[in-house]
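Visitor: Got a predicted structure here, sequence first:
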Amino acid sequence: MLVRQISLHNFKAYRGTHTLDLPEPTPSANVYLFGGENGAGKTTLIQAVLLALYGVGAAGMPGMPKQGRDFRRRYAEWLAVSRNATARDSHDDHVTVGVSLKDGGAQIDIKRSLWFRADGSLDEEWLEVREDQDGRTELYSGDDAQDRASIWVPRHLATLIFFDGEQVRSRLGDDTGAIAQALDRLLDLEPVHKLISDIGRLSRDKRSALLSEGQLAVLDSWGTKRDGLLTDLEQTVRREHHLQSQADDLEQTLSTVQIAIDERLAGSSPITTSQIEAELSSLRERRDELRTRFGRSLGEWYYMALRPEVVHATLVDLTQERGARSGRERIKLEAEATDQFASRLIAELVGRLPKSAIEKVEQTASELRATIDEHTDAYSSDSSGGAFLRLADDELASAQTTAELIVKRDQEELRYLAEDLGAIQAEIERLESRKSELSAHGTVDRLLTRAHELREALSGIRISLGEVELEGEQRREQIAEVERSIARLTARAEDSEDADRWLSAAHLLSDGLRTYSDERRQLALAGVSRALLRRLRDLLHKQHLVAAVEIDPMTYETNLFGRGGRKVHLPSAGEHQLAAMAFAAAILDCSDSSLPMFIDTPLARLDASHRENVVSRFWPGVGRQVFVLSTDEEVRGDLLERLRPHVVETFVISHDDAPSESKILSGTYFGEAK
């Protein structure tokens, strides 16, 4: 497929009629180099080709209106604004854009005409396609013409061949299905899919003749439900792949952040953050183990002093406290017994003795209680009190037992234990101090915060991924149940033997065609992967950055891997642009079609080495026609000299500010004589 001519009439900055005749490429020259300053009308040429080919279907392409709500109204407004200003002022209501193509012996002329009302709004849009082949001429107009234009340059292929260097991003994925459609088109799989669809329709018709109306209605409802579930499953699988890709990317980013943290820590200490945490955990476990060996209550301070006289003094205090508590308990019991005896005695004497005798008994009981209280106070004042009052009786007994064991233990072993605990505590304090200092450092602190955020995000994605995987399993179970229901209903139908054979053959044929389509696409993806790897190595100055390419057969998401199987991310906008061009070229490399490629502002985002790779390696080998639209700061000097052997023709788009009009001059380029 060759572009032989581009024509414009009253379109944007091009007043009147402009016809651009393009010489045929040669085996060694395939580049058409256009030069123009910003605003001169380079992008307008691409817009003219897109508008001629697709009309409203060009939405979202470079320089064209974006898709979205109320798009057709905005499209009509864009067309009205695209009418040349001088033509508007002179009431010239006609605008045309056209492109002439050549494919083998066929000549295809595509022309889109626009007419405007007196108020400047769009009145009519009309497309005509003329095909000349083998001495025959076919004319198409309206919707038929759009169908014919889409056959020669399908809309889904346009995403691969039109580039805007200032806006392009990596197309290493397929959210819209464009790549799948492009591959099917390039692999001639569309007739296969149509045949599968026709077989399915004929099978439904055959079954319809054998089923009652009620059975047929049920079968149709189940078929509709199955189709809906299959669509849901496909979307779920795409979400699963997308979430998995996000999780992989987050894990790699987290790994990069952790490496950055460790590198900063290594500047003043060989211990990394993760090692600090692991070491602290181990030291704390060892410290707690040794403290337990000294006793729960005493261990907190024994290991810091641990002098025999201190241990003996503490043991005496513990013994006195336990004795005091025992004495208080005994006196308390005596007081309670005295109270009980006095109460019973007085109760027995009431009514039998005079009142004065009973008062004497009460006075005696009161004196006895006072004596007991004095003994209680004495025990309380003699006790060691303060330090041990907070301990329960069982804790006090445990502490006394521990102290007795310490007194009996070998003092040398005790000293070693004390030294171990002291060293462990000192190391813990040093590491905690080091960690606090690092956290206070701005860069490390931000990295630690970022790592925490990444872990939380990764956890959330993992949860979502689990939910999506469960949803996928549920969809598969539902599909299987519906298919079982369909099979049961079909089996109940009184099919003839001939119908059984026909339906079985149709089913086997459909399965075989699907298998063929899947395997053909798998082989094509393997070829695209190899071609993409080759193209990337030609374009990227880090030729060993990418060691392998994998394309997911379901989502067509493309992942790049370096040595060791680690996923490669392209950090710069320039590398994304190169990857996008390489991906399109790889698909075209694997097809039998020879399509042109249009690249606007091709080198703006690229550094010097990447520019040389694009000019000397990529453009000369990307196809039979490459249209390069460059500013005066891009393809110049050494780059122009490198490209010149591959240039078919040069053009300059000049703009006159006074009438605000542009024109195209062939055979010249930025100051070079024609």
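Guide: Everything's here; your move. Model, not experiment: these values are computed from the prediction. Numbering: from 1, shown residues only.
Visitor: Break the protein into its domains for me.
Guide: 2-196+521-666, 297-439 (automatic domain parsing).
Visitor: Could you give the backbone dihedrals for the nearest residue to T44 once chain neighbours are set aside?
Guide: Spatial nearest neighbour of T44, chain neighbours left out: K12 (4.7 Å); criterion: Cβ to Cβ, 6 or more residues apart in numbering. (Each C-beta comes from the backbone N, C-alpha and C, glycine too.) Per-residue torsions, K12: phi 50, psi -120 (degrees, to the nearest 10).
Visitor: Would you mind listing the residues in contact with K12?
Guide: K12 is in contact with 41, 44, 47, 82, 84, counting by Cβ atoms under 8 Å, 6 or more residues apart in numbering.
Visitor: Would you enumerate the residues in contact with R462?
Guide: Per Cβ under 8 Å, 6+ apart, neighbours of R462: A247.
Visitor: Phi, psi for it please.
Guide: Dihedral angles for R462 - degrees, to the nearest 10 - are phi -60, psi -40.
Visitor: returning to that earlier point: highest mean neighbour count out of the domains of the chain?
Guide: Ranked by mean neighbour count, the domains of the chain are led by domain 2-196+521-666 with a mean of 18 (mean count of other Cβ atoms under 10 Å).
Visitor: What's the end-to-end length of that one?
Guide: Its first and final residues considered, domain 2-196+521-666 spans 18 Å by Cα to Cα, to the nearest Å.
Visitor: I'd like the distance from it to the chain centre, please.
Guide: Relative to the chain's own centre, domain 2-196+521-666 is displaced by 28 Å; criterion: Cα atoms, centre = their mean, to the nearest Å.
Visitor: Please apply the same query to stretch 246-259.
Guide: Worked out by Cα atoms, centre = their mean, stretch 246-259 lies 11 Å from the chain centre.
Visitor: For it, list the C-alpha coordinates in CSV.
Guide: Taking only C-alpha atoms (Å, rounded to 0.1, in the frame of the first residue of the first chain), the coordinates of stretch 246-259 have been written out as CSV:
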residue,chain,number,x,y,z
GLN,A,246,0.1,-3.6,38.9
ALA,A,247,1.2,-5.9,41.8
ASP,A,248,4.4,-6.9,39.9
ASP,A,249,5.2,-3.2,39.2
LEU,A,250,4.6,-2.3,42.8
GLU,A,251,6.9,-5.1,44.0
GLN,A,252,9.6,-3.9,41.6
THR,A,253,9.2,-0.3,42.8
LEU,A,254,9.3,-1.4,46.4
SER,A,255,12.4,-3.4,45.7
THR,A,256,14.0,-0.3,44.1
VAL,A,257,13.1,1.8,47.1
GLN,A,258,14.5,-0.7,49.5
ILE,A,259,17.7,-0.9,47.6
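Visitor: Buried ones in that stretch, by neighbour count?
Guide: 247, 250, 253-254, 257-258 (16 or more other Cβ atoms under 10 Å).
Visitor: which one of those sits closest to I486?
Guide: Lowest distance from I486 to those (Cβ to Cβ) belongs to A247, with 36.6 Å.
Visitor: can you pull the contacts of that closest one?
Guide: Going by Cβ under 8 Å, 6+ apart, A247 touches 458, 461-462, 465.
Visitor: Thanks a lot, catch you later.
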